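Could you look at this predicted model? Sequence included:
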Amino acid sequence: MKEFRFLEHTADLKFRAYGNSLDECFINCARAFTHSIADLDSIKKEKSRELKVRGDGLELLLHDFLSELLFLFETEKLLFSEYRVKVKEDGGFIMEASAWGEEYNPGRHLLKTEIKAVTLHDLYVKKTGEKWVAQVLCDI
């Protein structure tokens, strides 16, 4: 199964990510998001970060997770290439994640896209048969 694919959009960045589980779908969303900023293969696993996000629904949870990754890039210049994610339901949803990567290095990381924000427009997370799919639109 393909991890993610980028979709045509006139002015913004749009992608779909897939997974055999909800956790894997969220991981592939994070990988697609990061890959739109810089090539995943150029990011070394030198630092780790633990993340915890709460949301009233899966869409808000995913939105807030990707927004946190954008915040970490904008404020600390951190790019991640590997993720471990666990989504749990507890009256809402909670996601605990570990991310491995490094600080942006202009000598090694070619920046592809400047993402301004993760939007709620066209955002969905759903199970189709035995697989999960999520769609994300980012303002660039």
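Perfect, I can see it now. Quick caveat: nothing in here was measured; it's all calculated off a predicted structure. Numbers count the residues shown, from 1 in each chain.

mind checking the SS state of the spatially most distant residue from the centre of the chain?
Taking CA atoms, centre = their mean, the residue of the chain most remote from its mean C-alpha position is Gly107, at 23.8 Å. Following DSSP: H, G, I helix; E, B strand; the rest coil, the label given to Gly107 is coil.

cool, and Gln135?
strand.

and the nearest residue to Leu40 once chain neighbours are set aside, what does it touch?
Excluding the flanking residues, the one nearest Leu40 by CB to CB, 6 or more residues apart in numbering is Ser81, at 4.9 Å. Where C-beta positions appear, they are placed from N, C-alpha and C, glycine not excepted. Contacts of Ser81 were listed using CB atoms under 8 Å, 6 or more residues apart in numbering, and they are 31, 34, 40-41, 43-45, 100-101.

now for those residues, which pair is the farthest apart?
Maximum pairwise distance in the contacts of Ser81, criterion CB to CB, is 15.3 Å, between Arg31 and Lys44.

So for these two, which sits in the more crowded spot?
Shown here are Arg31 and Lys44; by other CB atoms under 10 Å, Arg31 has more neighbours (19 against 14).

tell me the secondary structure for the more buried one?
Relying on three-state DSSP, one would call Arg31 helix.

Next up, the contacts around it.
Listed by CB under 8 Å, 6+ apart, the contact partners of Arg31 are 3-4, 17, 40, 81, 83.

Return the distance of it relative to Tyr83.
Counting by CB to CB, to the nearest Å, the separation of Arg31 from Tyr83 is 7 Å.

swap in Leu72?
12 Å.

Compare the two and say which is more crowded by neighbours.
When neighbours are counted by other CB under 10 Å, Leu72 and Tyr83 differ, and Tyr83 comes out ahead with 22 against 17.

If we go by neighbour counts, what in the helix or strand containing that one is buried?
Element membership for Tyr83 (DSSP states H and E) is strand 78-89. By 16 or more other CB atoms under 10 Å, the buried positions in strand 78-89 come out as 78-83, 85, 87.

can you name the two of those residues that are farthest apart?
Leu79 and Val87 (22.6 Å).
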